[in-house]
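**Q** Mind folding the following:
(2 chains)
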There are 2 protein chains.
Amino acid sequence: MSTRNWRVGVAGLGTVGAGLLTFLSERPGFAPAGGLVSVSGVSARSRSRPRPFDISGLAWFDDPVALAQSDEVDLFVELIGGSDGPAKAAVEAALKAGKPVVTANKALIAEHGAELAALAEAAGVPLLFEAAVMGGTPAVKMVREAMVGDDVRSISGILNGTCNFILTEMEQGGRAFEDVLAEAQRLGYAEADPTMDVGGFDAAHKITILAALAFNCAPDFAACEVEGVDQVELLDIRMAKDLGYRIKLIASADRSDEGVSVRVHPSLVPLAHPLAQAGGALNALFIEGERLGRIFIQGAGAGAGPTAAAVAADIADVMTQAMRPVFQRPATELAAFTPVDRSRSLVRAYLRLLVKDEPGVIAAVSETLAEAGVSIESFLQKPVEDAEGVPIVLTTHAVSEAVLAQAVERIGGHPAVIQAPRLMRIARI
Amino acid sequence: MSTRNWRVGVAGLGTVGAGLLTFLSERPGFAPAGGLVSVSGVSARSRSRPRPFDISGLAWFDDPVALAQSDEVDLFVELIGGSDGPAKAAVEAALKAGKPVVTANKALIAEHGAELAALAEAAGVPLLFEAAVMGGTPAVKMVREAMVGDDVRSISGILNGTCNFILTEMEQGGRAFEDVLAEAQRLGYAEADPTMDVGGFDAAHKITILAALAFNCAPDFAACEVEGVDQVELLDIRMAKDLGYRIKLIASADRSDEGVSVRVHPSLVPLAHPLAQAGGALNALFIEGERLGRIFIQGAGAGAGPTAAAVAADIADVMTQAMRPVFQRPATELAAFTPVDRSRSLVRAYLRLLVKDEPGVIAAVSETLAEAGVSIESFLQKPVEDAEGVPIVLTTHAVSEAVLAQAVERIGGHPAVIQAPRLMRIARI
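**A** Okay, the predicted model is just below:
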């Protein structure tokens, strides 16, 4: 066992940084690979802000880049956040100085992972980011290390706790999206600017990282289709439930002979499915491999304790001096994402229409869909008080995305349809 | 990245060994940490037995110890099985020769893990055993590496696929234990001698290993309480279901201030609980940590493909040259298991009694239990055709194991009770 001690520099003292410093102060003998860990320096926006732990004995750096380059730092922990700016500059500086980096920054890895991996591998140091996906639940380790003896076919799951909390509260409390979001913001579960979460971008960063690990590709955030939960209405949650489904924000990545497909969508999940049963702020993920079959993993996706524990586990991994490619294959050999032509993908859809309350409308809608090549699987109409029109929902049999898109356009133009149709996919899980 | 190539010696060419050789032949460029992997030598009981892969180009060893010591072998993979005999001798020989060892042998690690860890750490080489628990589902990596930044409170789950298959088939087909076991043996899901599986010993080996990893203890198989599924009757499965439970073989390990408790029991799990919903040959596990909260993991627990993928992942970990203690803490510093005094543990119980079909019997039973200090939570009596007596089942409120044991003894001696009471615990999960 190595008895080398490691001096850690921590940039960013928000929730996760505070959790890490608290953990290390509670575990002064933390020696997961022989040597000891100590924090030697910190950097944050404000030095004087009151904190629940003492930083007076630690070297202070106004500039995280200077911390990353300091001779007093053997291992740099980046907890600043953001895909560019000081976080990226500091991580680059640390890697160029030949220092291992641990980060919780999903945006940074999803958007600049390949170039950072190249820097790390050129310097011969690890770049680890367990805390970037599913907080303390080790999704990254699972895909990166445990699936190395397998070929991953698909990954799908719930990767954003804020959206899952909002959808759960909407269903259980019968409350509108805006109402639950405002409460989540008051409670600190959602940011003041909730776009990253509710717009689906946070989940998209995470599935981009997992897809890169699983499929030996350079992470390509721009190739991810993203749709958030901000357009999900309580009416859809209720109608879907009547049809036997729960609406979840599902992030998924699939590989086929044609290429890779990575996307985040609100999707209908059968009520009895484990992903439908993961409520509140939980995260949950299925990973399907050629040999391993389907592995399911579920746990807390965020929070100071879990995320700090993930950072601590990464620090331990650095201390073991393990060296392997950042994304399973050397950065110079990573394939580009080859997006599949999704127009040919088969999909089952949920469609909600608001139609005029007139005789013959349902027959007309059915006929229009049939003419467009879409076959209806189930159909539901419920009276809704005070509504302008009559909402009807239907699910389709499998149909290509191209045919579906044409059908939705056509039905949207029907004179009896008084609102743009609402389309969601039924999860293939 | 290291470009060191690794020559692997594989002892044991049964299901898992065959899966590993097939995997490596399908992936000639398998280079998870830079260098390449090749199999240089093999050992098995019979050289001439027909196999679905070609071993003619590999060095053959009649004696696995000679293979472990061979100069042509850099990494020794032990897939022989058994806690002693050639498996143990060969692993010891490899470690003493300074060679990393990967094994799928749960009995070996559960019964001799601490001494083998001491050998490995003295030689400065890894000893890895991911495939020993949950096949390809990375339970060992999760507890050993991902939970290193946490303090594990408890682990509980389903760790034996054969027992889970049998219990699932009994319930779904309404069939007796012996009937399903015979079928499982015909299908190759159960061994000719099924004692290791149905007696609970296989699950006990696995939970012993996880408990050692989680609690920084030397594995102590003898300290594990073990009860198998061979006494579970179809009647209990039905009665439990009527009360809202499914019977599962639950392996669990808990740590408290008083010590550690490790056990395997058929237990009642609420029908809606994820462990109740893991059917067939699935394995499933909850790990609860102070910081990480509850993490759930589920997947295939056995089979050539998954288990070989786990062995391949361990080979990859060896190739990264990571060094950490085998059981999270150096073998010389591992604590002994301090078993808790279980007589004071609180438990909720399921009790089935066969009583005479006479007036006043139920009142008498209730009274006897009340006098013994056991409070009844629910009670069920169902007519059973052709039965000698009347079966009644009840569940209790929480009671100490000591009080429960006295009550069961007392009720068993009651003149109206015509068969030894059947006691099972309701899982605390």
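
**Q** For A:S38, what is the enclosing helix or strand?
**A** strand A:37-43 (DSSP states H and E).

**Q** Give the rounded mean pLDDT of that strand.
**A** Average pLDDT, strand A:37-43: 95.

**Q** Stretch A:348-357 too?
**A** The average pLDDT within stretch A:348-357 is 93.

**Q** I'd like the distance from the next helix-or-strand element following the strand holding A:S38 to the chain centre, please.
**A** Using DSSP H and E, the helix or strand that directly follows strand A:37-43 along the chain is strand A:59-61. Taking CA atoms, centre = their mean, to the nearest Å, the mean C-alpha location of strand A:59-61 is offset from the chain mean by 33 Å.

**Q** if I pick A:A427, what's in contact with it?
**A** Taking CB atoms under 8 Å, 6 or more residues apart in numbering or on different chains, we find A:A427 in contact with A:156, A:248, A:250, A:252, A:267-269, A:273, A:275. The way it works is simple: take the backbone N, C-alpha and C, and place the C-beta from them, glycine included.

**Q** try A:G41
**A** A:G41 makes contact with A:7, A:9-10, A:58-61, A:67, A:70, A:72-73, according to CB under 8 Å, 6+ apart.

**Q** For those residues, work out which two are farthest apart.
**A** Spanning the widest gap among the contacts of A:G41 are A:R7 and A:W60, at 14.8 Å by CB to CB.

**Q** quick one: which of the two has more around it?
**A** Shown here are A:R7 and A:W60; by other CB atoms under 10 Å in any protein chain shown, A:R7 has more neighbours (17 against 12).

**Q** could you say which helix or strand contains the more buried one?
**A** With DSSP H and E as criterion, A:R7 is part of strand A:6-11.

**Q** re earlier: and of the contacts of A:G41, the nearest to chain B?
**A** Set against chain B, the nearest of the contacts of A:G41 by CB to the nearest CB is A:V10 (14.2 Å).

**Q** picking that back up, most neighbours among the contacts of A:G41, which one is it?
**A** Comparing the contacts of A:G41 by number of neighbours (other CB under 10 Å), A:V10 comes first, having 30 neighbours.

**Q** ok, that residue - contacts?
**A** With contact set as CB under 8 Å, 6+ apart, A:V10 has these partners: A:17, A:20-21, A:39, A:41-43, A:77, A:79.

**Q** Is stretch A:44-61 positioned near chain B?
**A** No. Judged by CB under 8 Å from any CB of the partner chain, stretch A:44-61 stays clear of chain B, getting no closer than 15.5 Å.

**Q** what's the span of that stretch from first residue to last?
**A** From its first residue to its last, stretch A:44-61 covers 8 Å (CA to CA, to the nearest Å).

**Q** I'd like the distance between the residue in the stretch 101-250 of chain A that chain B sits nearest to and B:L13.
**A** At 2.7 Å from chain B, A:G149 is the closest residue in the stretch 101-250 of chain A, using CB to the nearest CB. Distance, A:G149 to B:L13, using CB to CB, to the nearest Å: 18 Å.

**Q** same question, A:C224
**A** A:C224 is 44 Å from B:L13, where distance means CB to CB.

**Q** neighbour count winner among these two?
**A** A:C224 (25 against 22).

**Q** Quick one: residues contacting the more buried one.
**A** Here A:C224 is in contact with A:204, A:207-208, A:262-264 (CB under 8 Å, 6+ apart).

**Q** on that earlier part again, please settle this for me: is the residue of the stretch 101-250 of chain A closest to chain B part of a helix?
**A** No. Under DSSP: H, G, I helix; E, B strand; the rest coil, A:G149 sits outside any helix and is assigned coil.

**Q** Which of the helices or strands spans the closest residue to it other than its chain neighbours?
**A** Closest residue to A:G149 apart from its sequence neighbours, by CB to CB, 6 or more residues apart in numbering or on different chains: B:A312 at 2.7 Å. Secondary structure from DSSP H and E places B:A312 in helix B:304-319.

**Q** Give me the distance between that helix and the centre of its chain.
**A** That offset, for helix B:304-319, works out to 19 Å (CA atoms, centre = their mean).

**Q** hang on, A:I155 in a strand?
**A** Yes. Under three-state DSSP, A:I155 sits within a strand.

**Q** Kindly state the beta-bridge partners for it.
**A** Beta-bridge partners recorded for A:I155 (DSSP bridges): A:A253, A:I287.

**Q** how about the helix of greatest length in chain A: buried residues?
**A** Scanning chain A for the longest helix, with DSSP state H as the assignment, gives helix A:106-123. By 16 or more other CB atoms under 10 Å in any protein chain shown, the buried positions in helix A:106-123 come out as A:106-114, A:116-121, A:123.

**Q** In the stretch 301-429 of chain A, what residue comes closest to chain B?
**A** Counting by CB to the nearest CB, the stretch 301-429 of chain A gets nearest chain B through A:A312, at 2.7 Å.

**Q** In contact with that residue, which residues?
**A** A:A312 makes contacts with A:20, A:23-24, A:30, B:148-150, as judged by CB under 8 Å, 6+ apart.

**Q** Distance to B:L243, neighbour count and pLDDT added to the residues you listed, as JSON lines?
**A** Converted to JSON lines, the contacts of A:A312 look like this (distance: CB to CB, whole Å; neighbours: other CB atoms under 10 Å in any protein chain shown; pLDDT from 0 to 100):
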{"residue": "A:L20", "distance to B:L243": "46", "neighbour count": "30", "pLDDT": "95"}
{"residue": "A:F23", "distance to B:L243": "42", "neighbour count": "21", "pLDDT": "92"}
{"residue": "A:L24", "distance to B:L243": "47", "neighbour count": "21", "pLDDT": "92"}
{"residue": "A:F30", "distance to B:L243": "46", "neighbour count": "18", "pLDDT": "90"}
{"residue": "B:V148", "distance to B:L243": "40", "neighbour count": "22", "pLDDT": "92"}
{"residue": "B:G149", "distance to B:L243": "40", "neighbour count": "29", "pLDDT": "89"}
{"residue": "B:D150", "distance to B:L243": "35", "neighbour count": "27", "pLDDT": "92"}
